[in-house]
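Visitor: need coordinates for the below:
(2 chains)
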Amino acid sequence: MTSEARPAVLTLRKRKRPGEAVIKALLFVAAALSILTTVGIVFELGNEALLFFRSQEASLAEFLSSTHWQPAILDFGIWPLVLATMTTSVTAMIVALPVGLATAIYLSEYATPRIRGIIKPILEILAGIPTVVYGYFALTFMTPLLRSFLGVGVVEIFNTASAGIVVGILIIPLVSSMSEDALHAVPMSLREASYGLGATKLETSLRVVLPAALSGITAAFVVSISRAIGETMVVAIAAGAGPKNFTFGEDSLFGYILNPFVAGETMTGHIVRISGGDLSYNSIDYNSIFAIGLALFVITLSLNILSRRFVARFREVYE
Amino acid sequence: MTSTGRPPTEEMSSEQSNDLLSASSQMGRRRRRGTIVKFGLLAALMVAIAALVTLIITVLNSSFGLVAVDTNQRPSDLVASLGYPAGTELGDLGKDDLVTLLEGNISTNLGRRFEREQRFFDNRLVFEDPYVLNDLCMSGEPPPACSLSARSQSDVVALVVERVVEPTVVGTWSFLSSTFNRDEIEAVAAEKYPEAVLEYRSWLSWNFVTSPQSPEPALAGIRTALLGSLWVVLVTLLFSFPIGVGAAIYLEEYARENRLNAILQTNINNLAGVPSIVYGMLGLAIFVRTLEVITSGSFLGSGNEATANGRTIISAGLTLGLLILPIIIINAQEAIRAVPGSLRQAGMALGSTKWQTVRSHVLPNALSGILTGTILAVARALGETAPLVVVGASTFITTDPTGPFSKFTVLPIQIYQWTSRPQDEFRNIAAAAIVVLLVLLLTLNAAAVLLRNRYSRRAA
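Guide: Residues are numbered from 1 along each chain as shown, chains lettered A, B, ... in the order given. Predicted structure coming up:
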């Protein structure tokens, strides 16, 4: 205003630029939308889950303690679903950990640039294949394979083992790429020191580099477990279409409860099956899948935060 | 054993030489162990590659192979009944003859229905009464036939095949067994399905890509699903690209290092790890239910509220948009971060404002990186299934989507539904649909790689 009065004087004060402020505000809104997404997830899942726990048919105590999930007779215990989820995830990790880690060590410590140039794209393709395709693979290849090896009587058509193995294949690229990043972050000087002391390549890789990258590798494992728990289509297609209800004492522990070769429905598989059918809003079924969804969200989020902690640790040390 | 070290010199005591001997033999053992483990690592790597190869072989193996087709009426009999010589195909017949076949084999009611959908001839009616059709055309809701021109010859051939020939696949064999055990299959087929014709079939065909969904696997196609996928991805992209890039610009160029922005960044990283099915539930609760008035299109007076409610293309697109938003943001951030600071300083030094610098210096340099990340995110959206099942993809629709407020199905959903059917034929069309999906994704990925290479060459 004063500058208008005395136009001859050169003002070096910052000019007001409302356009710039508007743009900055818009960009901030775009970034803040992600917070809204999180709030939306927590609010919607929490809200519907609350309706579920408050309803007369279900209670939080039953949800966390019962080993039967039978909505038809109003039994809502999450354990059969959690147990199946654990079975597929553990199976997946048994497959993915050794293969993924070995691949990472090979790529990071042994492979020539040419071999890396071939292997990396293959792993990327493996990571880019939609999960529904892996589901098809589990049902039409892995299940018949298991049945031909172990016997039709042992392995059911729908079973958690086959789904778990294929989920494991699906997360190999995740394990290997995250572990490789961790191995790569280990400074060359450590390797050189080890060679200087007369260690072989293998000894250097396994006794020096691997322990040094341990927090990063742990992070990779934790993220992979989270991914395996949240994986949906493979288990929806191949694991089974009904919760594996059980009673301790009555059902055989290794023959049925922990047996991966019988059918079982995971948390994600159950959500997909129920929401794929005709679902009326505000029914107990509708609310119940949100309660499962909330449990799923809490588990995977905690695992992801945990993994981030591990990653932060190895960054602090070497960067 | 490989201790070919120097022979012990005279000065050395026998003890010393033993030490050296054992040390070098130990060395050999250590080396050998190293080699063994190296091959172990390589074997693990091969497991990953073998998995990919097996997967592709499994899919291709089911996409082609022998089928036993049973027909209600054989095409050769139909052609013969019209007096044509043997060897004539249905497709060679004229429209008149084909309509005659229809007249002789389907009910008048069904014929009327077809004729109301689309006329057979421009100049005459076959099944329908001219006065009735005239009245219908004058009424408030005229059937499509009033405005459309007559069916083409190929349309009528398809009708004859669907309604008169009625082929049903009664047996199917994979490509590998069809190739290596053909004789055995022929024997089995002759015994089990004496009426059926054994023929080689490629489930993947142009017809498969362009036909709509059908309960009969031999006639089913993926047109509806393919168009649905394109529509959904379009909505996803329109929603998440501007917002994602905007958020990335804010976080990289504007955000100061304070608490709020740290929370924003952590939050985005965490969102990238949320299972996709949780996004589906969010979409169901917000887009399908809460915003039903908007997503069903009823606020515009368009859309069919009774059939679609909120389970529309726009709900699906927005849900996937939220899902890939963190991926787009993180990729775009990396691309923006890679732009050298000197460019920004040059811009600022010339007196441009922050936004002018971003627009004219940062964005053009980061663009190919941003696009690469976006293409990869879109590929992810194209393959997503679980969230769309939850949002409410239609289980069976044969009509093409007409806009963002149509009911929808997408390619992965179609694959899921076909895979879940117990019959073998559905597995075959699921495999063929998988091939189409993988080709689409591979094309997108190749585009991303090309962009990335161009980008890195320029940077170098």
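
Visitor: so which bits of the stretch 151-300 of chain A are right by chain B?
Guide: By C-beta under 8 Å from any C-beta of the partner chain, the residues of the stretch 151-300 of chain A that approach chain B are A:169, A:172-173, A:176, A:200-203, A:206, A:223, A:226-227, A:229-233, A:236-237, A:268, A:271-272, A:275-276, A:281, A:289-290, A:293, A:296-297, A:300. For the C-beta atoms, the positions are set from N, CA and C on the backbone; glycine is no exception.

Visitor: list only those of those flagged as buried.
Guide: By neighbour count, with 16 or more other C-beta atoms under 10 Å in any protein chain shown, those hold A:169, A:172-173, A:176, A:200-203, A:206, A:223, A:226-227, A:229-233, A:236-237, A:268, A:271-272, A:275-276, A:289-290, A:293, A:296-297, A:300 as buried.

Visitor: can you get me a residue count around residue 267?
Guide: Because you didn't say which chain, this covers chain A. For A:Met267, the neighbour count with other C-beta atoms under 10 Å in any protein chain shown is 28.

Visitor: hmm, no, I was thinking of chain B.
Guide: Neighbour number of B:Asn267 under other C-beta under 10 Å is 19.

Visitor: OK, contacts around it?
Guide: Residues near B:Asn267 by C-beta atoms under 8 Å, 6 or more residues apart in numbering or on different chains: A:Ser34, A:Ile35, A:Thr38.

Visitor: most neighbours among these, which one is it?
Guide: Greatest neighbour count in those, by other C-beta under 10 Å, goes to A:Ser34: 25 neighbours.

Visitor: so which bits of the helix or strand that contains it are buried?
Guide: Taking DSSP states H and E as the definition, one finds A:Ser34 inside helix A:18-54. Buried residues in helix A:18-54, counting neighbours by 16+ other C-beta under 10 Å, are found at A:23-24, A:27-28, A:30-31, A:33-34, A:37-38, A:40-41, A:44-45, A:48-49, A:51-53.

Visitor: picking up where we left off before, now, the buried ones among the residues of the stretch 151-300 of chain A next to chain B that are in helices?
Guide: Judged by DSSP state H, helices contain the following of those: A:169, A:172-173, A:176, A:201-203, A:223, A:226-227, A:229-230, A:233, A:236-237, A:268, A:271-272, A:275-276, A:289-290, A:293, A:296-297, A:300.

Visitor: still on that earlier bit, the helix holding A:Ser34 and chain B, any residue contact?
Guide: Yes. Using C-beta under 8 Å from any C-beta, helix A:18-54 reaches chain B at A:19-20, A:23-24, A:26-35, A:37-38, A:40-41, A:44-45, A:48.

Visitor: now the element after that helix, going C-ward?
Guide: Using DSSP H and E, the helix or strand that follows helix A:18-54 towards the C-terminus is helix A:60-65.

Visitor: which elements pack onto the helix holding A:Ser34?
Guide: helix A:284-318, helix B:223-249, helix B:259-271, helix B:276-283, helix B:313-337, helix B:354-357 (3 or more C-beta pairs under 8 Å, 6 or more residues apart in numbering or on different chains; DSSP states H and E).

Visitor: for the first one, name the packing helices and strands.
Guide: Helix A:284-318 is packed against helix A:18-54, helix A:214-230, helix A:267-276, helix B:259-271, helix B:276-283, with contacts defined by 3+ C-beta pairs under 8 Å, 6+ apart.

Visitor: same check on the shortest one?
Guide: Contact partners of helix B:354-357 among helices and strands, from 3+ C-beta pairs under 8 Å, 6+ apart: helix A:18-54, helix B:341-349.

Visitor: what residues of the shortest one count as buried?
Guide: Put plainly, it is helix B:341-349. Going by neighbour count (16+ other C-beta under 10 Å), the buried part of helix B:341-349 is B:Arg344, B:Gly347.

Visitor: do the same with stretch B:247-264
Guide: Within stretch B:247-264, the residues that count as buried by 16+ other C-beta under 10 Å are B:Ala247, B:Ala248, B:Ile249, B:Tyr250, B:Leu251, B:Glu252, B:Glu253, B:Tyr254, B:Ala255, B:Asn261, B:Leu264.

Visitor: remind me which residues of chain A are low pLDDT?
Guide: A:1-9, A:315-319 (pLDDT under 70).

Visitor: residue closest to the middle of it?
Guide: A:Arg227 (1.3 Å; C-alpha atoms, centre = their mean).

Visitor: count the residues that sit near A:Val175.
Guide: So A:Val175, with other C-beta under 10 Å, has 27 neighbours.

Visitor: same check, this time on B:Thr374
Guide: The burial count for B:Thr374: 23, using other C-beta under 10 Å.

Visitor: and for B:Pro275?
Guide: B:Pro275 sits with 25 neighbouring residues when counted by other C-beta under 10 Å.

Visitor: now do the contacts for it.
Guide: With C-beta under 8 Å, 6+ apart, B:Pro275 has these contacts: A:Arg227, A:Ile229, A:Gly230, A:Glu231, A:Thr232, A:Thr268, A:Leu296, A:Phe297, A:Thr300.

Visitor: which SSE is B:His29 in?
Guide: Actually, residue B:29 is Arg rather than His. Using DSSP H and E, B:Arg29 falls within helix B:14-63.

Visitor: check whether that helix comes near chain A.
Guide: Yes. For helix B:14-63 and chain A, the contact criterion (C-beta under 8 Å from any C-beta) is met by B:30-31, B:33-34, B:37-38, B:40-45, B:47-49, B:51-52, B:54-55, B:58-59, B:62.
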